[in-house]
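> Dropping the sequence and predicted coords here.
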Amino acid sequence: MARGPAYKAFAPNEAMRSGLTLQAPVPGTIKRGYRPFHYGPGEEEAARAGHELTNPLPVSAATIEDGRGLYQTYCLVCHGANGKGDGPLVVAGKIPTPPAYSSERVVVFPPGRIFHVVTMGTQKMPSYASLLTPGERWKVVTYVSRTLQTAGTAGKGKGAP
């Protein structure tokens with residue numbers, strides 16, 4: 001009893017009910033560090049996320065700079081350097097023009113709604129949940145909401161970064 005036999009993960013095992021060494025996780029189990037996202041796709045869910053989610057990251061120069069770097073890597077090709085929807089793929093005619101972050105419709109989006117869009121995707125935009133961690137997505141949201149959403153909104157009631 002001090003030393004049990006060693007089994008390979010996919011080897012048969014008579015000691016188990018299923019006859020397999022490797023067992024399925026208990027229903028409802030989530031991996032360590034994983035945080036479930038309790039919002040579905042669509043406009044209603046995006047609006048709900050906008051009301052319920054708040055950015056957990058402090059607004060700092062470092063957070064905005066990290067968000068800028070991630071934005072340039074993942075978002076600039078479609079949304080453009082200034083978030084006007086004029087990225088290289090749009091200019092080349094490869095994709096439809098996304099809305100500008102300073103447009104009347106998007107400028108009022110709260111950070112939680114932008115996080116939802118980055119996480120779930122919307123219309124032609126795919127989800128970036130598999131490419132960016134939640135913390136990285138919040139950094140992009142911080143950059144967008146503090147710099148690109150406020151660009152060109154002077155005098156419209158939106159504060160500057």
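Here it is on my side, so go on. Residues are numbered from 1 along each chain as shown.

> Tell me which residues of stretch 13-30 come out buried.
When burial is assessed from 16 or more other C-beta atoms under 10 Å, stretch 13-30 yields the following buried residues: residue 13. All C-beta spots, glycine's among them, are computed from the backbone N, C-alpha and C.

> should've said stretch 28-48
In terms of neighbour count (16+ other C-beta under 10 Å), stretch 28-48 has its buried residues at 39, 46, 48.

> And it, how far out from the chain middle?
How far stretch 28-48 lies from its chain's middle: 11 Å, per C-alpha atoms, centre = their mean, to the nearest Å.

> Equivalent analysis for stretch 10-23, please.
Distance of stretch 10-23 from its chain centroid, counting by C-alpha atoms, centre = their mean, is 38 Å.

> Return the residues in contact with the most centrally placed residue in the chain.
With distances taken as C-alpha atoms, centre = their mean, the chain has residue 119 as the residue nearest its mean C-alpha position (3.4 Å). Taking C-beta atoms under 8 Å, 6 or more residues apart in numbering, we find residue 119 in contact with 37, 39, 127, 128, 129, 134, 137.

> again with residue 64
142, 143, 146, 147, 161.

> pLDDT value on residue 154, please?
Looking at residue 154, its pLDDT stands at 45.

> returning to what we had before: most neighbours among the contacts of residue 119, which one is it?
Going through the contacts of residue 119 with other C-beta atoms under 10 Å as the criterion, the one with the most neighbours is residue 137, at 22 neighbours.

> Contacts only, for it.
115, 118, 119, 128, 129.
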